[in-house]
Structures are given as C-alpha cells and as structure tokens.
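Asker: Generate a structure from the sequence data that follows.
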Amino acid sequence: MSSKQPTLREKLAAAEAELNRLRKMARTPREPHKTSLGGVIQEIRESQSMQLRELSRKSGVSGGLVSRFESQEDANPTFNNLVKIASALGVPLWEIIQRWEAKK
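Answerer: Numbering: from 1, shown residues only. Model prediction:
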C-alpha cells in the first residue's frame, strides 16, 4: 500500500491554518495562572480595574516585566520589584504571598 504524500498546496494550507491558530492564541487574553505569584498579582490588579500600564506607572516596574511576571514567562521577579508592585496595588507584600501560599 502506498500512502499519498500531501501536495505543496496542502502543506501550505496546513501551515497557514496553524499560523492563524497561533495568531488567534496570541490575541486571546490568557487566564492568570491561578496558583502562581504572578497570577495572584494579576487577580488583585484586575479586581481593582487597574490596567497593566497603570500598575507599571505606579510601581516604576516596566510593563514588559510585569506582563512577563503575570504570564509566568518570568517566574522569578526581584524582591524590590515585588515590593514596588505590592505598594502600587496598595496591598502588603505579606498578603500577596499569603494568598499565593493558600492557592498552592
């Protein structure tokens, strides 16, 4: 039995479909990682109807760093950045850590 190989057109169509799927995923807001420290911070920020840009401005931590932390692309923020973020949210750092520990 011989299996039919996909044509170049079929391969291109499949690649385009995959690219469109990935683009859609990139535009879809991600749920916070509920059990991560960044997820807890994201939940607090969103509960205050605070945009990421506003948290960045208030904390002095770049928006890119905050975003990577919330999405767990950077799961190891510095202590100083955590203190700045907690202060900007108006929540003591110990409370954020306590919420995180409770979710583990």
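
Asker: For residue 87, pull up the helix or strand it's in.
Answerer: helix 79-89 (DSSP states H and E).

Asker: ok, and what's touching that helix?
Answerer: 37, 41, 44-45, 48, 50, 55, 58-61, 65-66, 69, 77, 92-93, 95-96 (CB atoms under 8 Å, 6 or more residues apart in numbering). (Glycine included, C-beta is placed from N, CA and C.)

Asker: Give me the distance between stretch 58-73 and the centre of its chain.
Answerer: Taking CA atoms, centre = their mean, to the nearest Å, the mean C-alpha location of stretch 58-73 is offset from the chain mean by 9 Å.

Asker: Now the residue nearest the centre of the chain: phi and psi?
Answerer: Note on the chain: the residue nearest the mean C-alpha position is residue 71, at 1.9 Å, using CA atoms, centre = their mean. Here is the backbone geometry of residue 71 (degrees, to the nearest 10): phi -90, psi 0.

Asker: any idea how far residue 80 is from it?
Answerer: Remark: distance between residue 71 and residue 80 (CB to CB, to the nearest Å) = 20 Å.

Asker: tell me what the top helix by length along the chain is packed against?
Answerer: The residue-count maximum for a helix in the chain (DSSP state H) belongs to helix 8-27. With contacts defined as 3 or more CB pairs under 8 Å, 6 or more residues apart in numbering; DSSP states H and E, helix 8-27 has no packing partner among the helices and strands.

Asker: Only alpha carbons, please: show that helix as CSV.
Answerer: Output in CSV follows, covering the C-alpha atoms of helix 8-27 (Å, rounded to 0.1, in the frame of the first residue of the first chain):
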residue,chain,number,x,y,z
LEU,A,8,2.7,21.5,-1.7
ARG,A,9,-0.6,23.4,-1.8
GLU,A,10,-1.9,21.1,1.0
LYS,A,11,1.2,21.7,3.1
LEU,A,12,0.9,25.5,2.6
ALA,A,13,-2.8,25.4,3.6
ALA,A,14,-2.0,23.4,6.7
ALA,A,15,0.9,25.8,7.6
GLU,A,16,-1.4,28.8,7.1
ALA,A,17,-4.1,27.3,9.3
GLU,A,18,-1.6,26.7,12.0
LEU,A,19,-0.2,30.3,11.7
ASN,A,20,-3.8,31.6,12.0
ARG,A,21,-4.4,29.5,15.1
LEU,A,22,-1.2,30.8,16.7
ARG,A,23,-2.1,34.4,15.9
LYS,A,24,-5.6,33.9,17.4
MET,A,25,-4.0,32.5,20.6
ALA,A,26,-1.6,35.5,20.8
ARG,A,27,-4.6,37.9,20.7
